[in-house]
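K.L.:
sequence? don't have it. structure:
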């Protein structure tokens, strides 16, 4: 799967009109000089050879040389990866936590005003354009209220801080981007959880438990929630690519130096080694995410662990 | 409860009307610059204020509606067409079908925006057709998946077997039996997709890769407005608000359609009877 992604990206990049280095070389350069540059970057060789060389390097951990950063691609990515992971994983956690609580609340307050508010509110929240939400958050919390920083991952004019100080600083910078990224997904998850819970509560086992004298709240949540969980986990796994896509916009909006803003920059500067490497990484992350979701599913629904059970995939 | 369908329809109706009547609604030319008016706050002459080049924001928002709605709708049509075609073929054939499914899954492994980024950088997007094509090419996959699943489920139903044993050729079976039955699902999915498409297009524009200035595009307007977030909030708020309203409208419409067209599930919470409309999940 990852290999396929890489191959397609490679083909696409080289199918585009113009050489990858056109942006960097002056048109008035003499043909020989131009050829020399191309040769030094290995762009002279026939395509299949370039492809295989890249693959060979990638497997060994060498992802090539960034044209715009003048550094090994691996270095550039290594700097940015943790930041994006911080952002995305925290947003994912927020999505799950907030989504499940609000969804459960909405299901519990069925028929009351709170449910209507939750349903309507979540619809609005996940319809909002991410970059606009970012602008709003910055305008309100950064500019008007001055509570939180509006960009970057750390203060620029900081004297070397203590270890705890660094963490607090990073946390301050993380709050707005994480909220921005996670809010929409949380709203979506909330609706999913709500509908799943409502379906579960309408089932026979819920009525049976209730008629046995179980209190509405506690024991029913124990039954309903466990049954409603698998689809929620599945959908959460599927939402990971969306989180990564969203991180591109959010990172750009908050000037967060992660892989998302790197993608934008690399694409705009035609830095193809970086683009290729990022695509591969992203595909790998998505695959890892669905794998994790699969594991989560098996944990949540013991029936799936038995081979041959009708529910098992 | 207020009908979701009605509300969504109303909202969208207003937006489309505004887009169509754009010229009549706003007296200013959206690309006319008048630096004397740069960064004017909303007033009676310029209800949405002016941007940094003196252009009337309201005109730009309304004209941007035209463009964004047009691109979104057309791209969704194309994407749905592609998705249905692939999905139906994949759902019909045996080995070819699973092979296509693998292909779809592969295409799905790319986060859409990133793929769009790469593609948009490689090929110029200054003309509409290219943008629409690009958008469609990166978003047909979920539709294809959906259609394939439905087709597979349908092909096991007795009426399909009956049609086959009556001698109907595959193409005829497809057109007369499969397509009408998947139509409602596809319609709901497509409606919801227009909203996503608009978000994608404006996201691209926000990053500088979509519709090129000076053509007004909501995403591009927000991008330029970000520089003046502190002193000229109207540059970002209004275009984004328009976009948000459009997406909300499509989501409402899609949800409403889904309630209308697909089987309803009535819930009864033990101990509490649901008195008003039995509108189903989500």
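P.N.:
Okay, I see it. Since this is a predicted model, take the numbers as computed values, not measurements. Residues are numbered from 1 along each chain as shown, chains lettered A, B, ... in the order given.

K.L.:
low-confidence ranges in chain A?
P.N.:
Counting by pLDDT under 70, chain A contains low-confidence residues at A:1-63, A:67, A:146, A:150, A:152-161, A:214-220, A:301-313.

K.L.:
Do a quick rundown of the helices in it.
P.N.:
Under the criterion DSSP state H, chain A contains helices at A:2-15, A:31-40, A:47-59, A:73-108, A:113-127, A:130-137, A:163-201, A:204-211, A:218-238, A:240-254, A:259-268, A:272-300.

K.L.:
Tabulate the ones you listed (TSV), appending mean neighbour count.
P.N.:
Any C-beta I mention is one placed from the backbone N, CA and C, and that applies to glycine too. Shown next, in TSV, are the helices of chain A (neighbours: other CB atoms under 10 Å in any protein chain shown):
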stretch	mean neighbour count
helix A:2-15	17
helix A:31-40	12
helix A:47-59	13
helix A:73-108	19
helix A:113-127	17
helix A:130-137	24
helix A:163-201	21
helix A:204-211	14
helix A:218-238	18
helix A:240-254	25
helix A:259-268	24
helix A:272-300	19
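
K.L.:
Tabulate these (CSV), appending distance to residue B:37.
P.N.:
Shown next, in CSV, are the helices of chain A (distance: least, CB to CB, whole Å):
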stretch, distance to residue B:37
helix A:2-15, 44
helix A:31-40, 48
helix A:47-59, 53
helix A:73-108, 39
helix A:113-127, 32
helix A:130-137, 23
helix A:163-201, 32
helix A:204-211, 63
helix A:218-238, 48
helix A:240-254, 27
helix A:259-268, 31
helix A:272-300, 41
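
K.L.:
Redo these as CSV? Include distance to chain B.
P.N.:
Shown next, in CSV, are the helices of chain A (distance: least, CB to the nearest CB, whole Å):
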stretch, distance to chain B
helix A:2-15, 5
helix A:31-40, 18
helix A:47-59, 15
helix A:73-108, 8
helix A:113-127, 4
helix A:130-137, 3
helix A:163-201, 3
helix A:204-211, 4
helix A:218-238, 8
helix A:240-254, 4
helix A:259-268, 4
helix A:272-300, 5
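
K.L.:
quick one: low-confidence ranges for the stretch 1-150 of chain B?
P.N.:
For the stretch 1-150 of chain B, the stretches flagged by pLDDT under 70 are B:1-8, B:21-27, B:30, B:93, B:109-126.

K.L.:
ok, which stretches of it are strands?
P.N.:
Here the stretch 1-150 of chain B has no strands by DSSP state E, counting those that start in this stretch.

K.L.:
Just the helices from it, written as ranges.
P.N.:
Per DSSP state H, counting those that start in this stretch, the stretch 1-150 of chain B carries helices over the ranges B:4-20, B:22-25, B:57-92, B:95-108, B:112-122, B:128-155.

K.L.:
any idea which of the ones you listed is most buried?
P.N.:
Ranked by mean neighbour count, those are led by helix B:112-122 with a mean of 24 (mean count of other CB atoms under 10 Å in any protein chain shown).

K.L.:
nearest to residue A:80, of the helices of the stretch 1-150 of chain B?
P.N.:
helix B:112-122 (14.2 Å; CB to CB).

K.L.:
show me the contacts for residue B:195.
P.N.:
Counting by CB atoms under 8 Å, 6 or more residues apart in numbering or on different chains, residue B:195 makes contact with A:127, B:72, B:246-251, B:254.

K.L.:
Try it again at 6 Å.
P.N.:
B:247, B:250-251 (CB atoms under 6 Å, 6 or more residues apart in numbering or on different chains).

K.L.:
Shouldn't it be within a strand?
P.N.:
No. With DSSP: H, G, I helix; E, B strand; the rest coil as the criterion, residue B:195 is located in helix rather than a strand.

K.L.:
Can you list the buried residues in stretch B:180-200?
P.N.:
Buried residues in stretch B:180-200, counting neighbours by 16 or more other CB atoms under 10 Å in any protein chain shown, are found at B:182, B:185-186, B:188-200.
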